[in-house]
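Asks: Take a look and give me a structure for this.
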Amino acid sequence: MEGNHLTADLDAFLAAREAELIEFRRDLHAHPEPGNREYRTTRLVAERLAAAGLHPVRLPGGTGLLADVGPGPGGYGRTGGLPGAHAVALRADLDALPMTDEKDVPYRSTVPGACHACGHDVHTAVLLGAGLFLAEQARAGLLPGPVRLIFQPAEELSTGARDVIAAGGLTSVGRIFTLHCDPRLDVGKVGVRAGAITAACDKIKVTVTGPGGHTARPHLTADVVYALGKIVTELPAALSRRVDPRSGLSLVWGRISAGSAANAIPGEGTAEGTVRCLDEEAWRFAGELVGELVRSVAAAYNVTADLEYLRDVPPTVNEQTSAAMFSAAVAAALGPEAVAHTRQSLGGEDFAWYLSSVPGALARLGTRTPGAAACRDLHQPAFDVDERAIGVGVRVLAATALTALWQHGPAAAPTATAGPVAHRPAPATSD
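Replies: Got it, this is the predicted structure:
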């Protein structure tokens, strides 16, 4: 299909469906569901895909789903993949964050303590729209190869991507793409980058224990609070002197807790935070180094320090050819001026686990209203988007899938890492 024909088809599709997709996003925003509890969201997506003639399949955990579009007998869950064809996969994440929505809008969250403050509702609406458009192209005989839609649960828990992979979601997939909202980019712009685009992100918890005692006599006990304070302040500084600064290794604390009385030294205190790293090699030995430094500081104050180090996600590293496909698709769908170079961030993204198995790329979808004086960052309780980004995202994801199929063809599926279908999920349309 010629590029101008694709543009015309997308124009017609969005003229008929964009308002519906915006309303769908608002419904999701008003009814957010945290990771692994996205039952309503999964059901609503499955119903719309099934109405378009697709065969969505729920993941084994009950939330999240997969659906294949295009050539091949049946689809995932009917055939265990598309035999003889390497699909291009498109992924969206479904889950919300555990925070209160502070926006004054008609679609404000109705669920206490849950909010779509990272744009996953936008991602879901965009992938739904792209999937419905590609299904129309397939029915018209205009889709040159298979596309797999991955609606993933639990991205914020950093477990959803691995659950999809374990369920065989990458079987027969040769290349994968996703978009993530970026409130620093104007709507109509898409940030593209080859190489690492996000950082590794791990979680740590340090628990310091001692016998406790009176604040009048700290020399007769072990001062847990003081020792915890030393760990909190000295550990980030020590890391900066033990690791190449170019790796961008960063430790930031998010929660500290100790004691309940002003005149009592407690027996326990905890600190929790995240370790982020731009470089994959430095990330691999960060846990061992953090443990060594925690023990060293604790020993000086005669306390016991226990470290829980949860390795979360590696850096998301965009494969060069896939990033070029994204750029070409954005230029074709929106114009070359829409392609924006984007920098690597210290944010974490479990899309990295897919890229450990197959080539692909993540791009950033601009959601800021052009000319806006300020914008709310991701993970803030008042975060919102310019909803024109939904139509832009549909154009970009659909054009990216078609670019990969038309111009280059999907890469050979690396079956050694993707593995066979681990489970046969039940149909997503069943309650």
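Asks: Would you map the helices across the stretch 1-150 of the chain?
Replies: Taking DSSP state H, counting those that start in this stretch as the criterion, the stretch 1-150 of the chain carries its helices at 3-30, 39-51, 120-139.
Asks: tell me what the first one is packed against?
Replies: Helix 3-30 sits against helix 39-51, helix 120-139, helix 320-334, helix 388-403, with contacts defined as 3 or more CB pairs under 8 Å, 6 or more residues apart in numbering; DSSP states H and E. C-betas here are computed from N, CA, C, even on glycine.
Asks: how far off helix 39-51 does that helix point, in degrees?
Replies: Compare the direction of helix 3-30 with that of helix 39-51 by axes from the mean of the first three to the mean of the last three CA atoms, to 10 degrees and you get 150 degrees.
Asks: Buried residues of helix 3-30, list them for me.
Replies: Going by neighbour count (16 or more other CB atoms under 10 Å), the buried part of helix 3-30 is 3, 6, 9-10, 13-14, 17-18, 21-22, 24-26, 28-30.
Asks: ok so, going back, and T304, which of the helices and strands packed on helix 3-30 is closest to it?
Replies: Across the helices and strands packed on helix 3-30, T304 has its closest neighbour in helix 120-139 (40.0 Å, CB to CB).
Asks: The closest one: how far from the chain's middle?
Replies: Chain-centre distance of helix 120-139: 18 Å, with CA atoms, centre = their mean, to the nearest Å.
Asks: Now do the domain split for this protein, please.
Replies: The chain breaks down into these domains under automatic domain parsing: 3-196+316-418, 200-313.
Asks: Show the average pLDDT along the shortest one.
Replies: Think domain 200-313. If you average the pLDDT over domain 200-313, you get 96.
Asks: how many other residues sit next to R246?
Replies: Per other CB atoms under 10 Å, the neighbour tally for R246 reads 9.
Asks: Parallel or antiparallel, list what pairs with the longest strand along the chain.
Replies: Assignment by DSSP state E gives strand 173-186 as the longest strand of the chain. Within its sheet, and counting by DSSP bridges, strand 173-186 is paired with strand 87-93 (parallel), strand 360-368 (parallel).
Asks: Contacts for stretch 28-45 next, please.
Replies: If you take CB atoms under 8 Å, 6 or more residues apart in numbering as the criterion, stretch 28-45 is touched by 24, 27, 56, 58, 61-65, 94-98, 101, 107-111, 114-116, 121, 124-125, 128, 151, 153-157, 159-160, 428-429, 431.
Asks: would you turn the helices of the stretch 1-150 of the chain into a markdown table with mean pLDDT and distance to L293?
Replies: Shown next, in a markdown table, are the helices of the stretch 1-150 of the chain (pLDDT from 0 to 100; distance: least, CB to CB, whole Å):
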| stretch | mean pLDDT | distance to L293 |
| --- | --- | --- |
| helix 3-30 | 95 | 42 |
| helix 39-51 | 98 | 41 |
| helix 120-139 | 98 | 35 |
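Asks: With I197 as the reference, name the closest of these.
Replies: Closest among these, using CB to CB: helix 120-139, at 15.6 Å.
Asks: In that closest one, which residues are buried?
Replies: Neighbour-count burial for helix 120-139 [16+ other CB under 10 Å]: 120-138.
Asks: got it, and stretch 159-169?
Replies: Across stretch 159-169, burial judged by 16+ other CB under 10 Å covers T159, G160, A161, D163, V164, I165, A166, A167, G168, G169.
Asks: which residues of the stretch 251-400 of the chain fall in strands?
Replies: Listed in chain order, the strands of the stretch 251-400 of the chain (DSSP state E, counting those that start in this stretch) span 264-265, 268-277, 304-313, 317-318, 339-341, 360-368.
Asks: Pick the most deeply packed of those strands.
Replies: Counting by mean count of other CB atoms under 10 Å, strand 360-368 has the highest mean neighbour count of the strands of the stretch 251-400 of the chain, with a mean of 26.
Asks: what angle sits between it and helix 388-403?
Replies: Using the same axes, to 10 degrees: strand 360-368 against helix 388-403 is 160 degrees.
Asks: one step back: ok, so of the buried residues of helix 3-30, who is nearest R241?
Replies: Using CB to CB, H29 is the member of these that lies nearest R241, at 44.5 Å.
Asks: Quick one: closest of the strands of the stretch 251-400 of the chain to A404.
Replies: Nearest of the strands of the stretch 251-400 of the chain to A404, taken as CB to CB: strand 360-368 at 9.3 Å.
Asks: model confidence over that closest one, on average?
Replies: Across strand 360-368, pLDDT averages out at 98.
Asks: hey, C-alpha coordinates of it in CSV?
Replies: Listed next in CSV are the C-alpha coordinates belonging to strand 360-368 (Å, rounded to 0.1, in the frame of the first residue of the first chain):
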residue,chain,number,x,y,z
GLY,A,360,12.4,-3.8,19.0
ALA,A,361,12.1,-0.3,20.3
LEU,A,362,10.2,2.0,22.6
ALA,A,363,9.4,5.6,21.5
ARG,A,364,8.0,8.5,23.5
LEU,A,365,4.6,9.9,22.6
GLY,A,366,4.2,13.6,23.2
THR,A,367,1.2,14.5,25.4
ARG,A,368,1.8,18.1,26.3
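Asks: chain center to it, what's the gap?
Replies: From the chain centre to the centre of strand 360-368 is a distance of 11 Å (CA atoms, centre = their mean).
Asks: Please apply the same query to stretch 324-341.
Replies: Counting by CA atoms, centre = their mean, stretch 324-341 is centred 22 Å from the centre of its parent chain.
Asks: Use 341 as the first number from now on
Replies: From this message on, residue numbering opens at 341, which makes the last subject stretch 664-681.
Asks: Extract the C-alpha trace of that stretch and format it as PDB.
Replies: In PDB, the C-alpha atoms belonging to stretch 664-681 read as follows (Å, rounded to 0.1, in the frame of the first residue of the first chain):
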ATOM      1  CA  ALA A 664      14.900   3.500  12.400                       C
ATOM      2  CA  MET A 665      11.500   1.800  11.600                       C
ATOM      3  CA  PHE A 666       9.900   4.000  14.300                       C
ATOM      4  CA  SER A 667      11.400   7.100  12.800                       C
ATOM      5  CA  ALA A 668      10.300   6.200   9.200                       C
ATOM      6  CA  ALA A 669       6.800   5.400  10.400                       C
ATOM      7  CA  VAL A 670       6.500   8.700  12.300                       C
ATOM      8  CA  ALA A 671       7.700  10.600   9.300                       C
ATOM      9  CA  ALA A 672       5.300   8.900   7.000                       C
ATOM     10  CA  ALA A 673       2.300   9.200   9.300                       C
ATOM     11  CA  LEU A 674       2.900  12.700  10.800                       C
ATOM     12  CA  GLY A 675       5.600  14.300   8.700                       C
ATOM     13  CA  PRO A 676       9.400  14.400   9.300                       C
ATOM     14  CA  GLU A 677       9.100  17.300  11.700                       C
ATOM     15  CA  ALA A 678       7.300  15.100  14.100                       C
ATOM     16  CA  VAL A 679      10.400  12.900  14.800                       C
ATOM     17  CA  ALA A 680      12.200  14.200  17.900                       C
ATOM     18  CA  HIS A 681      15.500  13.000  19.300                       C
END
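Asks: Cool, thanks, signing off.
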